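>>> the sequence isn't on hand, but the structure is:
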């Protein structure tokens, strides 16, 4: 990019001063622009990655994990562990429907975070002016993850029914805040293939909810087919992606 090194004498006539003569040919300019573009792209990508790493490692994120009555609940302890490993400063609070406690009640006794149940909605409220739990939890959360989302709760959320703590949080979700909602359907293949399921999923997606699609696998009932909750790594990847 530079021509020969030229020298000229200083005013005193004693000290040679080096000088570069730039080759201003079109080829040299194109090469310079290309190198600058590459350098700029590398720097931007590095800054983005560093910001993402800082975000995951240093800034606490609040995840509301809402569990419903599917056998996919047996994967929830592993999902919580993965999320806390990948985002050490994240706070995970779990909300359980009554049916999901069939799978999670024992784990809940050793869970080191908060686990909310339907009855907590009413024991926390005694009189006018007391905090309302489903509103408090919506305000607290940076993200809601509906996993597993069974057929019953999918139908309720899609139709605006709010008769338990999970569906009340979903109904009270602040769409203006742009806080992400991830949902992970989990149900028997015959239920998943029912003609009502796809329209209900599309309703949630039309609201901006993000689906982590179910997978085909051997199901708890012995059938093999579509409807099993996505692998926990897949769900965790989706959660982390929205915090970058």
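Yes, it's here. Note that the structure is predicted; figures quoted are calculated from it, not measured.
>>> where exactly do the strands run in this structure?
2-9, 16-22, 62-67, 91-96, 115-116, 143-149, 181-185, 210-211, 215-218, 224-228 (DSSP state E).
>>> highest average neighbour count across those?
strand 143-149 (a mean of 26; mean count of other Cβ atoms under 10 Å). The C-beta positions use only the backbone N, C-alpha and C, and glycine is treated the same way.
>>> can you check the pLDDT for the spatially closest residue to residue 220 that is not a sequence neighbour?
Once flanking residues are discounted, residue 220 sits nearest to residue 71: 4.3 Å by Cβ to Cβ, 6 or more residues apart in numbering. In this model, residue 71 is scored at 95, pLDDT.
>>> also residue 105?
pLDDT at residue 105 comes out at 89.
>>> what's the answer for residue 121, then?
pLDDT for residue 121: 87.
>>> tabulate the strands of the chain (JSON lines), appending mean pLDDT and distance to residue 161.
What follows is those, written out as JSON lines (pLDDT from 0 to 100; distance: least, Cβ to Cβ, whole Å):
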{"stretch": "strand 2-9", "mean pLDDT": "45", "distance to residue 161": "73"}
{"stretch": "strand 16-22", "mean pLDDT": "47", "distance to residue 161": "72"}
{"stretch": "strand 62-67", "mean pLDDT": "98", "distance to residue 161": "15"}
{"stretch": "strand 91-96", "mean pLDDT": "97", "distance to residue 161": "16"}
{"stretch": "strand 115-116", "mean pLDDT": "96", "distance to residue 161": "19"}
{"stretch": "strand 143-149", "mean pLDDT": "98", "distance to residue 161": "14"}
{"stretch": "strand 181-185", "mean pLDDT": "98", "distance to residue 161": "15"}
{"stretch": "strand 210-211", "mean pLDDT": "98", "distance to residue 161": "20"}
{"stretch": "strand 215-218", "mean pLDDT": "88", "distance to residue 161": "27"}
{"stretch": "strand 224-228", "mean pLDDT": "92", "distance to residue 161": "22"}
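>>> quick one: those as CSV, columns for distance to residue 239 too.
Compiled in CSV, the strands of the chain are given as follows (distance: least, Cβ to Cβ, whole Å):
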stretch, distance to residue 239
strand 2-9, 51
strand 16-22, 51
strand 62-67, 7
strand 91-96, 10
strand 115-116, 18
strand 143-149, 6
strand 181-185, 6
strand 210-211, 10
strand 215-218, 17
strand 224-228, 19
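>>> follow-up on the earlier one: ok, the residue nearest to residue 220 - contacts?
Shown in contact with residue 71 (Cβ atoms under 8 Å, 6 or more residues apart in numbering): 103, 148, 186, 219-220.
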